[in-house]
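In: return a 3D structure for these sequence lines:
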Amino acid sequence: MFLNSSTGRIVSIIDHVITGSGLFDCFLGEVININDRYGAENQGYVMNIERNYVKISLLQGHESEIFTGDLLYRTCKAVQTKVGFNVLGSVITPLGFTLSDDSDVNTSTSIYDVISFDTFVDISTRSPSIVERCPVTRPFLTGITVVDCFIPIGCGQRELIIGDNNSGKTSFAVTCILNQKKSINGYYKIWRNFENNLKNGQRAGFTFTPCIYVSIGKKRSEIIRIRRVLITYGAYRYTCLVFSSCDDLAALQFIAPYAGATIGEWFRDRAYHALIVYDDLSQHAVSYRQISLLLRRPPGREAYPGDVFYVHSKLLERAAQLSKRRGGGSLTALPIIETRGGDVSGYVATNVISITDGQIFLSISLANRGIKPSVDIGLSVSRVGSKSQYNAMKAVTKKAKRDYALFKAYEGVVKVGHMDDTIKGFVIRGLQLISLFNQRLYQTHSLYRQLISLFAVSNGYLDSVNPKNVDMYFNIFFAGNFVGNYLENKSHISFFMNRKWMESLLIINSLDFVEKELSSILTSFNKLFVAHIQHRL
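Out: Numbering: from 1, shown residues only. Coordinates of the predicted model:
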């Protein structure tokens, strides 16, 4: 049979890597259709182009159904995935196929089916240039007090989550997704405004944060658990789960994060502030190492190929805060890296640390002590820092950081036993901060609660409260009806009844305009708590 430059034949196939002849005009990353003798169409994509042969990594299909001599056909297309509103509220594969109800991972009908807006685009796109970006200044609120206070994240930032197995990395990332439910403003206006705004080329008249969770080489039971958590907390409707199983082909696992980044870029380019979680890039590097070794590429440190840094940097550079000329949207990336024995000096770990704008280190020892989220404040850092915080949060965290630093300095004195009153005050306030930073699994705190609780601890209003009771203190304090009924000054009730109004004011102002009233409320409630509640706990 005559073969032209757009067709070829399989010379050999070993471990899901096909060596083909012909295909002289193909390009790297091109999808190749494989016709086996049974008439089915399998797919692979070009990874290597050599003098007489091309190396194709199997993307979908079964190696047992492909034989030497089968035909190869060019598609003249790169790998593509589905983007658009329809991907939200669903579980999809990296190639954009929605997993059906009879799959092991069941998914409900997406609420965006009414819009029916989706399309397929290439997963390999260039990251925005310097001119198209602008500084990261808008805060990305995670709902985790220790992060929003000490390690703030900004929209468009790349913040690494790193830690050992079972240290809470996935739960941390899922909590960040759950907190974005609070950013929805007039969410259901999409039904009324979407069509008109699309015709006028404008953005829809509502605010929400689309989230993409990319699972790389995870168990199916894990993605089912995450999906159930998102449904339970009402976060599934604005989240897309890109799923590649641990038993999927290595090539499919390799392209999964690029598919997720493409979905996030689609929302970013339309002026939304999107979030993407890569869980995890350690497994992504392993899948790339597997492919590279099978392609006979020379291995380097820890048997990883030398370009694994480029692979991850090309991916993470796609997260950005765009300039106003480009619409002002952003894509915030939370890559996850798993370490062993707390060793952050591994090849992949150090690579990703140098690429990202900071890291949140989750310590297994803190988790074993019951401190959750187990964020090690000493090893964690955000290179954007207070530039991405509201003015009120900046003012409050200055005192909190000072108190925590003094606590770490005098923490060893506690073991000696004898402390003067000054040192004892530093230690108690530090223990109160640690208790304040403890949150239950998937619990998120609003900006309103974070600001007031940090203000109360750092200004000494809780000095007479046992550090173990700090969480209970604020749970009762923010139960507005209870506090309002027992405070001496009944005019303070309005302070609790208008929380959304108060939070919007705190975003653009500082605590100065409510400090007098807030001090009076905290003083009154502190007397009530110490006299009638604390001794019963």
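In: do you know how far the closest residue to N351 other than its chain neighbours is from P94?
Out: With sequence-adjacent residues excluded and distances taken as CB to CB, 6 or more residues apart in numbering, N351 is closest to F309, at 4.9 Å. Just so you know, the C-beta spots here come from the backbone N, C-alpha and C atoms, and that holds for glycine as well. Remark: distance between F309 and P94 (CB to CB, to the nearest Å) = 22 Å.
In: ditto for T209
Out: 22 Å.
In: of the two, give the one with the bigger neighbour count.
Out: When neighbours are counted by other CB atoms under 10 Å, T209 and P94 differ, and P94 comes out ahead with 28 against 24.
In: so the more buried one: helix, strand or coil?
Out: At P94, secondary structure determined by DSSP: H, G, I helix; E, B strand; the rest coil is coil.
In: lowest-pLDDT helix or strand in this structure?
Out: Least confident helix or strand, the chain: helix 190-200 with a mean of 42, by mean pLDDT, DSSP states H and E.
In: phi, psi of F525?
Out: Main-chain torsions, F525, degrees, to the nearest 10: phi -70, psi -30.
In: how many other residues sit next to it?
Out: By other CB under 10 Å, the burial measure for F525, its neighbour count, is 21.
In: pLDDT value on it, please?
Out: Predicted confidence (pLDDT) for F525: 82.
In: against A456, how distant is it?
Out: 9 Å.
In: what of S64?
Out: Distance from S64 to A456, by CB to CB: 65 Å.
In: of these two, who's got more company?
Out: Taking other CB under 10 Å, S64 and A456 do not tie; A456 has more neighbours (25 against 7).
In: so that one is in which element?
Out: Taking DSSP states H and E as the criterion, A456 maps to helix 447-458.
In: flag every buried residue along that helix.
Out: Across helix 447-458, burial judged by 16 or more other CB atoms under 10 Å covers 447-458.
In: can you list contacts of that helix?
Out: With CB atoms under 8 Å, 6 or more residues apart in numbering as the test, helix 447-458 has contacts from 141, 145, 148-149, 390, 392-393, 396-397, 399-400, 403, 429, 432-433, 436, 445, 462, 470, 474, 478, 499, 502-503, 506-507, 511, 515, 518, 522.
In: what subset of the residues you listed is buried?
Out: Buried among those by 16+ other CB under 10 Å: 141, 145, 148-149, 390, 392-393, 396-397, 399-400, 403, 429, 432-433, 436, 445, 462, 470, 474, 478, 502-503, 506, 511, 518, 522.
In: now, the residues you listed that are in helices?
Out: Within the buried ones among the contacts of helix 447-458, residues falling in helices by DSSP state H are 145, 148-149, 392-393, 396-397, 399-400, 403, 429, 432-433, 436, 470, 474, 502-503, 506, 518, 522.
In: now stretch 140-160, how far from the centre of its chain.
Out: When C-alpha coordinates are averaged (CA atoms, centre = their mean, to the nearest Å), stretch 140-160 and its chain have centres 10 Å apart.
In: which parts of that stretch are buried?
Out: Buried positions in stretch 140-160, judged by neighbour count with 16+ other CB under 10 Å: 140-160.
In: for it, measure first residue to last.
Out: 14 Å (CA to CA, to the nearest Å).
In: just use 47 as the starting number from now, easier for me
Out: Sure, I'll start numbering at 47, so the last one becomes stretch 186-206.
In: what average pLDDT does it get?
Out: On average, stretch 186-206 scores 94.
In: what do you get for stretch 110-130?
Out: On average, stretch 110-130 scores 89.
In: now swap in stretch 274-281 and tell me
Out: Averaged across stretch 274-281, pLDDT comes to 92.
In: can you point out the buried residues in that stretch?
Out: For stretch 274-281, using 16+ other CB under 10 Å, the buried residues are 275-276, 279, 281.
In: which one of the residues you listed is nearest G471?
Out: For the buried residues of stretch 274-281, the residue nearest G471 by CB to CB is Y279; the value is 38.6 Å.
In: find the nearest non-adjacent residue to the closest one, please.
Out: L224 is the one closest to Y279 (CB to CB, 6+ apart), at 4.9 Å.
In: what's around the one you found, how many residues?
Out: 22.
In: that one and I277 touch, don't they?
Out: No. Judged on CB atoms under 8 Å, L224 makes no contact with I277 at a distance of 11.3 Å.
In: would you map out the domains in this structure?
Out: Domain segmentation of the chain under automatic domain parsing yields 53-123, 127-434, 437-582.
In: separation between Y450 and G130?
Out: As judged by CB to CB, Y450 and G130 stand 45 Å apart.
In: which of those two has more neighbours?
Out: A count of neighbours by other CB under 10 Å puts Y450 above the other of Y450 and G130, at 23 against 18.
In: tell me the contacts of the more buried one?
Out: 196, 423, 476, 479.
In: again with Q106
Out: Each residue near Q106 by CB under 8 Å, 6+ apart is listed here: 88-89, 141, 295, 298.
In: in helices only, show me these.
Out: In this view, those that belong to helices under DSSP H are L298.
In: flag the least confident of the contacts of Q106.
Out: N88 (85).
In: any idea how far that one is from R55?
Out: Distance from N88 to R55, by CB to CB: 15 Å.
In: what's the farthest-apart pair in the buried residues of stretch 274-281?
Out: V275 and A281 (8.1 Å).
In: overlap of the contact sets of those two?
Out: In contact with both V275 and A281: L224, using CB under 8 Å, 6+ apart.
In: hmm, L557 and V442 touching each other?
Out: Yes. Using CB under 8 Å, V442 makes contact with L557 at a distance of 6.7 Å.
In: in terms of pLDDT, where does the closest residue to Y507 other than its chain neighbours sit?
Out: In this structure, Y507 finds its nearest non-sequential neighbour in L568, 4.3 Å apart by CB to CB, 6+ apart. On pLDDT, L568 comes in at 83.
In: and for N535?
Out: 56.
In: likewise for K445?
Out: Note for K445: predicted pLDDT of 88.
In: compute the distance between the residue nearest to it when sequence neighbours are not counted and F453, please.
Out: The shortest distance from K445 to any non-neighbouring residue, by CB to CB, 6+ apart, is to S504 (3.7 Å). According to CB to CB, S504 stands 12 Å off from F453.
In: and for those two, which residues touch both?
Out: In contact with both S504 and F453: R475, using CB under 8 Å, 6+ apart.
In: wait, which of the contacts of Q106 is closest to V220?
Out: Sorting the contacts of Q106 by distance to V220 puts L298 at the head of the list, at 23.0 Å, by CB to CB.
In: with adjacent residues omitted, what lies nearest to the closest one?
Out: Using CB to CB, 6+ apart, the nearest residue to L298 is S290, at 5.3 Å.
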